[in-house]
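Student: coordinates only, sequence not included:
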């Protein structure tokens, strides 16, 4: 006999005995507590299976993306979360999931690949924004990229989607070069004002420090007029390792416009978030931005979180909560490398209307999915 047939005979006998017992008792077998009949998901279908087996349905733990998790962007559109992060390569890949925790196991899809040598490599710091461009509402993916030999020629570039699908396809629209001299620029982001004015924010080295700049845009890839420096490292907490202001991103709430940025060198565990607020009507005017004197989100040794920074904001499914994606390391000795993973947590609000980012949570802390996550998606 074959090994398969030898296993079948005892199994058949067991089934017949079970049927006989059922007929004798007139009852039905009770559903197992972990079976679908008992109201729980089967291990194969549940997001709590595997590494997160101790996490209840409708909850998740950080990190949510471990591969290409640095400098993350998460958007929510048409019932799905989409994730992008630095690849250090020549392509962008995106993960999609109906739940935040589901991004852990989502299969990445390559949405764009570059072959032009001057912008082929070292893809950093992607951000996606849905903006009104010459072709109507489109997704615009802005990022830093350069040559293969080194990172000394990083510039800001922009892609445009063909339609409303965040997965693309995308076409290359151009390099943003406000100075016309092809200088080093990274960490681009957009500021859109209610009256339709559009600005690009970015970072670059100047006089031994890394500063934040803003420039008015006539469309998502074309600057108009001169760029203006809006921030430079001034406080001690912005200068650990070296003086750095980078990774600007906008948070608009209750009619106020805030800007978070990353401070200190990313190779240190003291990489952190600072906060600014637009207090004037013209983002390019002197004194239009107020920088808060203390960091708003930083290392938490007790929770084993180091170098938290380079964040992005996104709404909950019901639009009632603001969440923040950011990267961090789990060791103080990790730096600007592939060890940085994407994490997420909810933003709260202080009585004075400023954002309260709290402290970075540990990787063992279970977090509830954002408000309004459909029950079916929480399975």
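Tutor: That came through fine. The structure displayed is predicted, hence computed values, not measured ones.

Student: Break down the stretch 251-379 of the chain into its strands, ranges please.
Tutor: In the stretch 251-379 of the chain, the strands defined using DSSP state E, counting those that start in this stretch lie at 256-263, 272-278, 289-291, 306-315, 322-329, 341-349, 355-356, 367-368.

Student: mind checking which of those is nearest residue 63?
Tutor: Comparing the strands of the stretch 251-379 of the chain against residue 63 with CB to CB, the closest turns out to be strand 341-349 (3.5 Å). For glycine as for every other residue, the C-beta is placed from the backbone atoms N, C-alpha and C.

Student: which residues of the stretch 101-250 of the chain fall in strands?
Tutor: Using DSSP E, counting those that start in this stretch, the strands of the stretch 101-250 of the chain run over residues 109-113, 121-133, 136-146, 155-161, 170-176, 186-192, 198-206, 209-219, 222-223, 228-231, 245-253.

Student: Can you list the helices and strands that the last one packs against?
Tutor: Pointing back at strand 245-253 there. On a contact count with 3 or more CB pairs under 8 Å, 6 or more residues apart in numbering; DSSP states H and E, strand 245-253 meets strand 186-192, strand 198-206, strand 209-219, strand 256-263, strand 306-315.

Student: Any buried residues in it, and which?
Tutor: 245-252 (16 or more other CB atoms under 10 Å).

Student: Over to stretch 318-331?
Tutor: Those buried within stretch 318-331 under the rule 16+ other CB under 10 Å are 322-330.

Student: Show me which of those residues is closest to residue 360.
Tutor: Distances from residue 360 to these, taken by CB to CB, are shortest for residue 328, at 5.9 Å.

Student: What separation is there between that closest one and residue 367?
Tutor: Distance from residue 328 to residue 367, counting by CB to CB, to the nearest Å: 14 Å.

Student: for residue 185, same thing?
Tutor: According to CB to CB, residue 185 and residue 367 sit 35 Å apart.

Student: so residue 70 makes contact with residue 310?
Tutor: Yes: taking CB atoms under 8 Å as the definition, residue 70 is a contact partner of residue 310 at 7.0 Å.

Student: shared neighbours, these two?
Tutor: The contact sets of residue 70 and residue 310 overlap at residue 327 (CB atoms under 8 Å, 6 or more residues apart in numbering).

Student: So those two - more neighbours on which side?
Tutor: Remark: of residue 70 and residue 310, residue 310 carries more neighbours, 30 against 24, as counted by other CB atoms under 10 Å.

Student: Okay, now the unreliable bits of the protein?
Tutor: 1-56, 376, 378-379 (pLDDT under 70).

Student: Now with 90, please.
Tutor: 1-57, 207, 286, 374-379 (pLDDT under 90).

Student: can you list contacts of stretch 146-155?
Tutor: So stretch 146-155 is in contact with 117-122, 124, 144-145, 175-177, 182, 184-186, going by CB under 8 Å, 6+ apart.

Student: Now, of the residues you listed, which are buried?
Tutor: By 16+ other CB under 10 Å, the contacts of stretch 146-155 give 119-122, 124, 144-145, 176, 184-186 as buried.

Student: thinking again about what came up before, nearest to residue 361, of the strands of the stretch 101-250 of the chain?
Tutor: strand 245-253 (19.3 Å).

Student: Figure out how far that closest one is from the centre of its chain.
Tutor: In terms of CA atoms, centre = their mean, to the nearest Å, the gap separating the centre of strand 245-253 from the centre of its chain is 13 Å.

Student: and it with strand 186-192, angle?
Tutor: In terms of direction (axes from the mean of the first three to the mean of the last three CA atoms, to 10 degrees), strand 245-253 departs from strand 186-192 by 20 degrees.

Student: List the neighbouring strands of strand 245-253 plus their orientation.
Tutor: Paired with strand 245-253 in the same sheet, following DSSP bridges, are strand 256-263 (antiparallel).

Student: just to revisit the earlier point, as a markdown table, the strands of the stretch 101-250 of the chain with distance to residue 92 would be great.
Tutor: Formatted as a markdown table, the strands of the stretch 101-250 of the chain follow (distance: least, CB to CB, whole Å):
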| stretch | distance to residue 92 |
| --- | --- |
| strand 109-113 | 5 |
| strand 121-133 | 6 |
| strand 136-146 | 7 |
| strand 155-161 | 8 |
| strand 170-176 | 8 |
| strand 186-192 | 14 |
| strand 198-206 | 18 |
| strand 209-219 | 21 |
| strand 222-223 | 21 |
| strand 228-231 | 27 |
| strand 245-253 | 18 |
